[in-house]
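In: Pasted the sequence and its predicted model underneath.
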Amino acid sequence: MPRQRKSRLMMISTHGYISSQPELGKPDTGGQVVYVLELAKCLAQFGFAVDVFTRRFEGQSAMEVVVPNVRIIRIRCGGTKFIPKETLCDSIPEWARNAELFIREKKWVYSFINSHYWDAGLAGELLAKRLRIPHFHTPHSIGSWKRDNMQGDPEYLERIYNFRRRIRDERMIYQSCDKLIATTPEQRDILLAAEYGVSRAHIAVIPPGYDDRRFFPVSQATRLAIKEELGWEGKPILALGRMARNKGYDLLLRALPTVIERVPDARLVLAAGSLSPNESEQRMLLELQNLASELGIADCVTFGDYIADEQLSDTYRAADVFCLSSRYEPFGMTVVEAMGCGTPTIVTTEGGLWDQLVWGLESIYANPNDPVAFGMAIANVLMYPQIAQQLSRYGSQKVRAKFTWNGVAQRILSLIDDVEIAANVDNALEAKPDIFSNETAATACAENF
């Protein structure tokens, strides 16, 4: 698409701690941050200037260079403290107004907006209408799916996760944006269901990506050397990510006795959380430690925390098996990275990636809510080298063929032609109302579309 070379592109991801060197595991800072930054870098390699717009808080700088042609632009709203993603929606109209003023003052012109998650989707729709440019939205997680996969008192969950507001706003975003980007076929099916009512033609399925220049297989001798350098003993099982209940670390602990009964030298390395855990994260960690003691497996579990980005690929390589045990998992970035490193993987069936993988060849998937079945899946990989070698070989081949950032970026850029933006953008945008006309209650934001 020659006409777009050296164009300026806008990506919006308003919540969490986005930086050039993000500390993954901080509140609301995980796979989505990796996705946004890596996609931005790849788009820059294609000759575009990419600005990642986010929220400014806690004394952060207004602007930060990630790599040449990729910047983080931080816009204030809602005060100076961290705001959880479940309630950031209340401050999005303020954020969008401030962002528009900033952009017009700089006289920057963007080719399109790609927003990420519900809160940024609201911002993307607001800015797209005011700046008269196309808006592509990537949900990452879907409210109805999260609601339906959470256990507990519905009213308590509503107070914590703001589901009614979220789903109402999501429905508006999904139907109003120029193109909706699902990361898995399962996400697409949820978007097609009655609760959202999006048409199939409005959805593009583009899976998440990984950096194949960082995450690649190494020899067995190198893997053993890395394991020794990390001080890992026995047969290490790795799980990593944010400290969050949906990640199912408790389910993985409940599966571990089944593994140890068959593989006595199996050891779980659980790297979850951040370098500065908040009160909620500390409470969840204590609950996991107590559960390990109750199950009699405390000596077989190492509780770690944030793994620095430069150590991540070797951490994957040191493991004999990587586990994704989430109660629900729309993304699965860590699985893709582990597979890229040639590490055998066990993948939750309560998520979006499992049905894109060939069971027993590229990965093994199981339901983490069935601890015996999940434990047997892990044990079989550890007990039988032929299975591990097969998953390592074909898993790494699969992700190199399907999940690189280069392919993701090219497919997102192709959406511009797919929706015929060049010919129809003026008329399409003029037909949409101006949602900046309501300057009052933030809770009315969705109703103004």
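Out: All right, it came through fine.

In: quick one, helices of the stretch 301-449 of the chain?
Out: Along the stretch 301-449 of the chain, the segments classed as helices by DSSP state H, counting those that start in this stretch run 312-318, 333-340, 371-383, 385-402, 405-418, 421-430.

In: The stretch 151-300 of the chain now?
Out: Under DSSP H, counting those that start in this stretch, the stretch 151-300 of the chain gives helices at 154-161, 163-176, 185-192, 220-230, 249-262, 279-294.

In: and those as a markdown table, adding distance to residue 93, mean pLDDT and mean neighbour count?
Out: C-betas here are computed from N, CA, C, even on glycine. Below are these laid out as a markdown table (distance: least, Cβ to Cβ, whole Å; pLDDT from 0 to 100; neighbours: other Cβ atoms under 10 Å):
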| stretch | distance to residue 93 | mean pLDDT | mean neighbour count |
| --- | --- | --- | --- |
| helix 154-161 | 21 | 92 | 12 |
| helix 163-176 | 12 | 97 | 19 |
| helix 185-192 | 25 | 91 | 18 |
| helix 220-230 | 47 | 96 | 14 |
| helix 249-262 | 36 | 98 | 22 |
| helix 279-294 | 28 | 94 | 14 |
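
In: what about those helices, which gets the closest to residue 24?
Out: Checking those against residue 24 by Cβ to Cβ gives helix 279-294 as the closest, at 13.1 Å.

In: okay if I get the helices of the stretch 151-300 of the chain as CSV plus distance to residue 89?
Out: Putting the helices of the stretch 151-300 of the chain into CSV (distance: least, Cβ to Cβ, whole Å) gives the following:
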stretch, distance to residue 89
helix 154-161, 12
helix 163-176, 6
helix 185-192, 19
helix 220-230, 41
helix 249-262, 28
helix 279-294, 20
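
In: could you dump the helices of the stretch 301-449 of the chain to a markdown table with distance to residue 296, mean neighbour count and mean pLDDT?
Out: Listed next are those as a markdown table, based on distance: least, Cβ to Cβ, whole Å; neighbours: other Cβ atoms under 10 Å; pLDDT from 0 to 100:
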| stretch | distance to residue 296 | mean neighbour count | mean pLDDT |
| --- | --- | --- | --- |
| helix 312-318 | 26 | 22 | 97 |
| helix 333-340 | 28 | 27 | 94 |
| helix 371-383 | 14 | 21 | 98 |
| helix 385-402 | 26 | 17 | 96 |
| helix 405-418 | 43 | 17 | 85 |
| helix 421-430 | 60 | 13 | 47 |
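
In: Residue 94 is nearest to which of these?
Out: helix 421-430 (22.7 Å).

In: how deep is the closest residue to residue 161 other than its chain neighbours tucked in, by neighbour count?
Out: Excluding its sequence neighbours, the residue lying closest to residue 161 (Cβ to Cβ, 6 or more residues apart in numbering) is residue 86, at 5.4 Å. Residue 86 has 17 neighbours, counted by other Cβ atoms under 10 Å.

In: and residue 86, what helix or strand is that in?
Out: When secondary structure is defined by DSSP states H and E, residue 86 falls outside every helix and strand.

In: CA-only coordinates of stretch 88-96 in CSV, if you can.
Out: The C-alpha trace of stretch 88-96 is given here as CSV (Å, rounded to 0.1, in the frame of the first residue of the first chain):
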residue,chain,number,x,y,z
LEU,A,88,-11.3,4.2,33.9
CYS,A,89,-14.3,4.5,31.5
ASP,A,90,-15.7,7.4,33.7
SER,A,91,-12.6,9.5,32.8
ILE,A,92,-12.4,8.6,29.1
PRO,A,93,-14.4,11.7,27.8
GLU,A,94,-11.9,13.9,29.6
TRP,A,95,-9.0,11.9,28.2
ALA,A,96,-10.3,12.2,24.7
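
In: Fine, thanks again, bye for now.
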